[in-house]
Structures are given as structure tokens and as C-alpha cells.
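K.L.:
The following block contains a protein sequence and its predicted model.
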Amino acid sequence: MSTIIGVVSGIVLLSAAMFMGGDFRSFFNLEAVLIVGGGTMASALISFPLDHILKFSALVIRLFKEERRPVLEQTVSRLVALGHKASQGSVYSLEKDAKGERDRYLKVGLDLLVQGAPAPRIARRFAIEMEGVKSRHQEGIQLFGFMSKIAPSFGLVGTIIGLINMLRGMGSDVSAESLGPGMAVALMTTLYGALLAFLFCQPASEKLKAYSAQELTLIRMTREAILMIREGQTSRELEEMLNAYLPPKQRHAIVEKMLLNRVQEGKSA
């Protein structure tokens, strides 16, 4: 949602500034669009494998879809509940939970627990998952980062082309009235290159970095919880460790709440 708000507000404010400055139509130039857009895409095709470029539309869609930020608070509650269940019986009591678990990383951890996997194997599996996430996300981060650097350069190229054409067309009858519009068209590509880089490509790269960091935090938290459950740590110790991943205002006494609910259910029964 923040991506949509940011892009729309940026376009609206810039459009308003253009409209207030004069003729709104004077800020549109097809040649500038072709030079900046086409040049940036051509340079990306030269610099990256084709399969990375083909994922461009999927990356854009992901940026504009509703953000699926990992809800760490819910994940913490889920992990503490699983740890409490294991402490009441054994890790093998989590077999049913493993089969019905929808969270990919938590399912991986529960499957390894039920299989009786040693701690090094569990740590290695989660390390592989984290490397996979970094690798997949890095493709989009690098692509948008590259485009944010190259777009202003093609804006400058377009400006140089416009200036050359303008100077070649100069004659003895040159005047301020004829020179001004030509200079405006020449500078249009610089404007388009800057807008493409700083309104979309660079923010997109930063957003993908944030997504990657959030997912890595979720994997790391799940790994530590699974290892603690395997070691037989108490649910209170697990709660203290997992709460450290949350901001102070989101931390809760999860074990106390579970015990209180159990007492209330017993009274109602």
C-alpha cells in the first residue's frame, strides 16, 4: 500500500507543479521517452541475463501488491505455543502440527524436529534457506539499482542529442523565441531520467531490500526457536528469546496468557 501511495502522491505533486508552471503539455515528449526508457532497458538487457529481465514485470507487480510483511508477533505466539506443547510431551507430539503447517520455514523446522534431526543439520538447512532468499532477492535489487544509476545517464545523452539537433538547426535568424523551446525539449530527457531513477527505480530497490531483511529476520527467528525446542528449553525461555525480536510495545506474556486461557476453559467445562 505504501508503494501505491508514494508513487501516486509523487505523480500528483509533480503534475501539479508542472501545471502551475505553465503549459502542462510542454512536459511531454515522445522522443525523450524513447531515449530514456529504451536506452535504460537496452542497457539492462546487455548487463543482465534474459531471465532476470523477464522477471521485471513480476517484480513490479510484487511492489504494488499489498505488502505481505511478516507478522512477527503472530509468528512468535505460534512458536511459543509449539514450544509449550513440546515441553509438555516431546518433539514428536508436533507431527500433526508439521503436516498442517502453512508457513514454509516453520514447516521445514517442524519436519526436521519430528525426524529427530541433529542441531547442525537443522542449522545448515536454515542457512541454505537464507542463502536462497538472499540470492533470489538480490536479482531484483541489483536490477532496479542498476536502472536507477543508468536512467539519469541516458537523460544526459538525450539532452546532448537535443542540443546537437538544436545547434545544427541554428541559422542567421536565430532568436530567443526559437532557442527557448529547443532548449526545453533538450532538457526533457534529463527530467525523465531523473524521475525514472529517483521516483521509481531507486525506491523499488530499497523496498526489495526491506522485504529481504524482513524475510531473513523471520527465518532467523524460526531457526533459533526450532533449535531451542530441540534442546528442551522451557516455553518461558523461548518466549523471552523470541520477544527480543519484537518492539517493546508488542511484547506479551504469551505463556501466562495460554495458562490463563486453559484455566478459564477448565472452569467453563
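P.N.:
That came through, no problem.
K.L.:
quick one: the helices in the stretch 151-269 of the chain?
P.N.:
176-195, 202-231, 235-243, 254-268 (DSSP state H, counting those that start in this stretch).
K.L.:
what's the distance between the third one and the middle of its chain?
P.N.:
For helix 235-243, the distance from its own C-alpha centre to the chain's C-alpha centre is 28 Å (CA atoms, centre = their mean, to the nearest Å).
K.L.:
Pull the contacting residues for Leu79.
P.N.:
Going by CB atoms under 8 Å, 6 or more residues apart in numbering, Leu79 touches Leu106, Met221, Thr222, Ala225, Leu238, Leu242. In this view, the C-beta of every residue, glycine as well, is placed from N, C-alpha and C.
K.L.:
For the helices of the stretch 151-269 of the chain, give me a markdown table that also has mean neighbour count and mean pLDDT.
P.N.:
What follows is the helices of the stretch 151-269 of the chain, written out as a markdown table (neighbours: other CB atoms under 10 Å; pLDDT from 0 to 100):
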| stretch | mean neighbour count | mean pLDDT |
| --- | --- | --- |
| helix 176-195 | 17 | 76 |
| helix 202-231 | 19 | 90 |
| helix 235-243 | 20 | 84 |
| helix 254-268 | 12 | 60 |
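K.L.:
just to revisit the earlier point, closest to Glu139 out of the contacts of Leu79?
P.N.:
Thr222 (23.6 Å; CB to CB).
K.L.:
That closest one reaches Leu72, doesn't it?
P.N.:
No: using CB atoms under 8 Å, Thr222 is not in contact with Leu72, being 10.4 Å away.
K.L.:
Residue ranges in this protein under the pLDDT threshold?
P.N.:
1-3, 7, 17-18, 21-24, 64-70, 169-182, 255-269 (pLDDT under 70).
K.L.:
try 50 this time
P.N.:
Low-confidence segments of the chain (pLDDT under 50): 263.
K.L.:
Now compare the contacts of Leu79 and name the two farthest from each other.
P.N.:
Those two in the contacts of Leu79 that are separated most widely, counting by CB to CB, are Leu106 and Leu238, at 13.6 Å.
K.L.:
so Leu227 makes contact with Ala117?
P.N.:
No: the pair formed by Leu227 and Ala117 falls short of the contact definition of CB under 8 Å, at 10.6 Å.
K.L.:
For Gly145, give me its contacts.
P.N.:
When the contact criterion is CB under 8 Å, 6+ apart, the partners of Gly145 are Cys201, Gln202, Ser205.
K.L.:
Tabulate those residues (a markdown table), appending distance to Leu94.
P.N.:
Below are the contacts of Gly145 laid out as a markdown table (distance: CB to CB, whole Å):
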| residue | distance to Leu94 |
| --- | --- |
| Cys201 | 45 |
| Gln202 | 44 |
| Ser205 | 39 |
